[in-house]
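> all I have is the shape, not the residue letters:
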């Protein structure tokens, strides 16, 4: 996409919103997830911890990865891996699988924010 594209601002805003959006949208479903996965409230709350811990750690690395591999590659890989991690979360048969999916989402959820800010 050329730097003068009218869609650039929209794409950058959407990429920056993925990380926070993936936190806010699932919080109201904590009770239903606990019932579906036969998990305690603490175990469900740990899905947020798994996301936030990996998100915070990887935010330190997305810029370096973008410098090494290129911004476009990091954005495409991050978005693709986020979609794959979301699929793992959606199909999670147990709380452990949900922890893994949320941790994977956290690892790549900040790529759009970090790389988008570097583009601006």
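Sure, I can see it. The shown structure was predicted, so the numbers you read here are calculated from the model rather than taken from an experiment.
> from here on, just use CA atoms for contacts and neighbour counts.
Noted.
> now do the helix of greatest length in the chain: which elements does it pack against?
In the chain, assigned by DSSP state H, the helix with the most residues is helix 41-69. Where contact means 3 or more CA pairs under 8 Å, 6 or more residues apart in numbering; DSSP states H and E, helix 41-69 is packed against helix 30-37, helix 71-90, helix 95-109, helix 111-119.
> give the contact list for the residue nearest in space to the middle of the chain.
Against the mean C-alpha coordinate of the chain, by CA atoms, centre = their mean, the closest residue is residue 109 at 2.6 Å. Neighbouring residues of residue 109 by CA atoms under 8 Å, 6 or more residues apart in numbering: 18-19, 55, 78-79, 82.
> in those, find the pair that's most separated.
Spatially, the most separated pair among the contacts of residue 109 is 55 and 79, at 14.0 Å (CA to CA).
> low-confidence ranges in this protein?
The model of the chain has pLDDT under 70 over residues 1-4.
> what sits up against stretch 89-104?
So stretch 89-104 is contacted by 37-39, 43-44, 46-48, 50-55, 81-82, 85-88 (CA under 8 Å, 6+ apart).
> quick one: residue 55 from residue 31, how far?
23 Å (CA to CA, to the nearest Å).
> ok, now residue 20?
For residue 20 relative to residue 31 (CA to CA), the value is 20 Å.
> do residue 110 as well
26 Å.
> who has more neighbours, these two?
For residue 110 versus residue 31, neighbours defined as other CA atoms under 10 Å are more numerous around residue 110 (30 against 13).
> my read: the more buried one touches residue 59, true?
Yes: at 5.7 Å, residue 110 counts as touching residue 59 under the criterion of CA atoms under 8 Å.
> using the three-state scheme, assign residue 92.
The three-state label given to residue 92 by DSSP: H, G, I helix; E, B strand; the rest coil is coil.
> what lies in contact with the helix or strand hosting residue 14?
Per DSSP states H and E: residue 14 is located in helix 8-24. Residues outside helix 8-24 that contact it (CA under 8 Å, 6+ apart) are 1, 48, 106, 109-110, 112-114, 116.
> equivalent analysis for stretch 111-120, please.
Under CA under 8 Å, 6+ apart, the answer for stretch 111-120 is 12-13, 15-19, 59, 62-63, 66, 71, 74-75, 78-79.
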